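Student: here is my input, please return the structure:
(one chain, ligands or ions: 1)
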Amino acid sequence: MPPALDRLVKNLMRFPGVGEKSATRMAFQILRWPASVAKELAESISSLHGQIGLCSRCFTFSEKDPCSICSDVKRDNSIICVVEEPADVLAIEKTNTYRGIYHVLQGVLAPRDGIGPDDLKINQLLDRLRKEKIDEVVIATSSTVAGEATASYLMDILKGFNIKISRIACGIPMGTDLKYADQMTLKKALEQRMWVNK
Ligand SMILES: [Zn+2]
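Tutor: Okay, here's the model as predicted:
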């Protein structure tokens, strides 16, 4: 393979789930594009780090600091939703149902990979709880093993604060037939059932 193509293939293989085969296919695809389109892709990648940084308050990716959510006066500043990654902020924003602010942990606890509380933005969250007037923290980490472990850890250390702590519900996905839901999901759905008559 020509060295230039080989270099691109190796770089594309950095994406999770992209092996040599798919990377080679993508590289050939790029080679077939007009040079101007390939250049636009390269420039959009190379300008990324210079233009996007972390919001110093909520630690989401943003072109300005504070980010557009933190600087929006219409947001409810008394409720913080704690998520793993900036992409989770976008996912929640798309639902159009949450009007509070966020705190991005920038990861989850993963002791096996050497990722402990100090590697996440947990101390920064505690700082915010001390300084800002917060009534409620919504823990919205994923319902994966690492996400649940992170949620438990947070629930534990947040007990010392005089604030409401909630955890997003997990249950049967919309459109799913009950008998096809996995056991763990069904168990959680039963545990987190809600009252309809009080
Ligand atoms: Zn922010």
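Student: show me where pLDDT drops low in this protein?
Tutor: Across the chain, nothing is flagged by pLDDT under 70.
Student: near the ion, which residues of it?
Tutor: 55, 57, 58, 66, 67, 70 (CB under 5 Å from the ion). Heads up, the C-betas are built off the backbone N, CA and C, glycines and all.
Student: nearest residue to the third one other than its sequence neighbours?
Tutor: The spatial neighbour of residue 58 that comes closest, neighbours along the chain excluded (CB to CB, 6 or more residues apart in numbering), is residue 102 at 4.7 Å.
Student: which of the residues of the chain next to the ion are buried?
Tutor: 55, 57, 58, 67, 70 (16 or more other CB atoms under 10 Å).
Student: surely the third one is within a strand?
Tutor: No - Residue 58 sits outside any strand when classified using DSSP: H, G, I helix; E, B strand; the rest coil, being coil.
Student: show me the contacts for it.
Tutor: Neighbouring residues of residue 58 by CB atoms under 8 Å, 6 or more residues apart in numbering: 66, 67, 69, 70, 89, 101, 102, 103, 104.
Student: mark which of the residues you listed are part of helices, please.
Tutor: Mapping the contacts of residue 58 onto helices (DSSP state H) picks out residue 89.
Student: what's near enough to touch the spatially closest residue to residue 116 that is not a sequence neighbour?
Tutor: Counting by CB to CB, 6+ apart, residue 109 is the residue found nearest to residue 116 once chain neighbours are left out, at 6.8 Å. Applying CB under 8 Å, 6+ apart to residue 109 gives the contacts 115, 116, 117, 120, 146, 149, 150, 153.
Student: angles on the backbone of residue 53, please.
Tutor: When read as degrees, to the nearest 10, the backbone of residue 53 gives phi -130, psi -170.
Student: confirm for me that it is in contact with residue 61.
Tutor: Yes - assessed by CB atoms under 8 Å, residue 53 is found in contact with residue 61 at 7.4 Å.
Student: those two: who's more crowded?
Tutor: A count of neighbours by other CB atoms under 10 Å puts residue 61 above the other of residue 53 and residue 61, at 17 against 13.
Student: quick one: that one and residue 54 touch, right?
Tutor: Yes - assessed by CB under 8 Å, residue 61 is found in contact with residue 54 at 6.5 Å.
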